[in-house]
Each structure stands twice: as structure tokens, then as C-alpha cells.
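Undergrad: Task: produce atomic coordinates for the following.
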Amino acid sequence: MGGGVVVAPGASSGVNAHLSRVRLEGNLLGLKADSTASSLGVNLNMQDSFITGNSSDGVAAVSNSVNGFIGMQISTSQISGNFGAG
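TA: Modelled structure (predicted):
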């Protein structure tokens, strides 16, 4: 499932991402962090942003017990009016 922003590192990599003043509106999915293929995981920080009016989840984190972790912090942001969770 795609999204406005998808953070999905490859097998032997990880991602440290910082998003600021981002508008994710009217997408299938707003923000997705996916570490299922990564051994090092995802660290994601978002601030001063809007995630609204998406036809599925506003924010989604996908991992499994074998591979990388997901650490996500969202502050001073609006997440509302999405069809799914968040």
C-alpha cells in the first residue's frame, strides 16, 4: 500500500528521517514507516505537519518480530479526518 510518504529501508540499511512542515492530504495513506525488509529499522521524527483527509490510515507503522524496529515521534502536528486509524 502506497502513501504520501513511505519510509522503507532495504535489507542491510536503516533510515533516520526528520520531516518538518509537511502536508500529507488526500492520499491513499498519509505516512507509512515499513521496516519489514530492514535489519536496522526506522527512526522517524515529524513536527509542525498536517496529515489529513487520506482514504486509509493517516499514520501506519509496519514491522515484524524478525527484522528492524520502528521509532516514531510526531509532535506539534495535526492528524485528523483520515478514513482509517490516525
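Undergrad: Would you mind measuring from Gly53 to Ser39?
TA: As for Gly53, its distance to Ser39 is 35 Å (criterion: CB to CB, to the nearest Å). C-beta here means a position set from N, CA and C on the backbone, and glycine is covered the same way.
Undergrad: now swap in Val15 and tell me
TA: 12 Å.
Undergrad: what do you get for Ala11?
TA: 7 Å.
Undergrad: More neighbours: the two, which one.
TA: Ser39 (14 against 10; other CB atoms under 10 Å).
Undergrad: My understanding was that the more buried one contacts Gly68; is that so?
TA: Yes - with contact defined as CB atoms under 8 Å, Ser39 reaches Gly68; the gap is 5.8 Å.
Undergrad: which neighbours do those two share?
TA: Common contact partners of Ser39 and Gly68 (CB atoms under 8 Å, 6 or more residues apart in numbering): Gly14.
Undergrad: Can you list the buried residues in stretch 3-10?
TA: Within stretch 3-10, the residues scored as buried using 16 or more other CB atoms under 10 Å are 3-5, 7, 9.
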